[in-house]
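Chemist: Make a model of this:
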Amino acid sequence: MEFCVEDSTDVHVLIEDHRIVFSCKNPDGVEFYNEIEFYAKVNCKDSQDKRSGRSITCFVRKWKEKVAWPRLTKEDIKPVWLSVDFDNWRDWEGDEEVELAQVEHYAELLKKVSTKGPPPAMDDLDDDSDSADATSN
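Modeler: The predicted model follows:
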């Protein structure tokens, strides 16, 4: 998730098993504070935040990685300031089929490469034929 606050100061990010607490100040001294209760448990030890001049990005890893959440928050109502970052969107439905199709495609390519016959013999070519062709053109 990304908190967009340009030139933020006094940034504090606390990622716990079931929530994230974020606070900072903008250049005008206005304080921002957000606390989000997650839908389910996260791996706070494997989560981190990254600060830039324009925003603070929090990388939060779910405790159960292969389980899709219907939403980010514990509450069924989405806060008005929260939006989806479709650049980092992952559609969980159909992922297994896509991965399986990729593996099958790769296996077919390997099969085609390994079932080719031996390379053609090159011993019937001689140097004289090349020079004869070059002089006749």
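
Chemist: going forward, measure contacts between C-alpha atoms and count neighbours the same way
Modeler: Will do.

Chemist: how many other residues sit next to Ile56?
Modeler: Look at Ile56: counted by other Cα atoms under 10 Å, it has 22 neighbours.

Chemist: This structure: strands as residue ranges?
Modeler: 2-3, 9-15, 19-25, 31-37, 42-51, 56-62 (DSSP state E).

Chemist: pLDDT on the fifth one, on average?
Modeler: Looking at strand 42-51 alone, the average pLDDT works out to 89.

Chemist: do the same with the fourth one
Modeler: Over the span of strand 31-37, the pLDDT mean works out to 92.

Chemist: Neighbouring strands - and their directions - for it?
Modeler: When pairs are called by DSSP bridges, strand 31-37 turns out to pair with strand 19-25 (antiparallel).

Chemist: Can you check what angle separates the strand it pairs with from strand 42-51?
Modeler: Here the directions of strand 19-25 and strand 42-51 differ by 20 degrees (axes from the mean of the first three to the mean of the last three Cα atoms, to 10 degrees).

Chemist: hang on, the earlier thing: in TSV, list the strands of the chain along with distance to Lys78.
Modeler: Listed next are the strands of the chain as TSV, based on distance: least, Cα to Cα, whole Å:
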stretch	distance to Lys78
strand 2-3	16
strand 9-15	19
strand 19-25	15
strand 31-37	11
strand 42-51	19
strand 56-62	18
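
Chemist: My understanding was that Arg54 contacts Cys4; is that so?
Modeler: Yes. Arg54 sits in contact with Cys4 when judged by Cα atoms under 8 Å, with a separation of 6.2 Å.

Chemist: Nice, that's everything, thank you.
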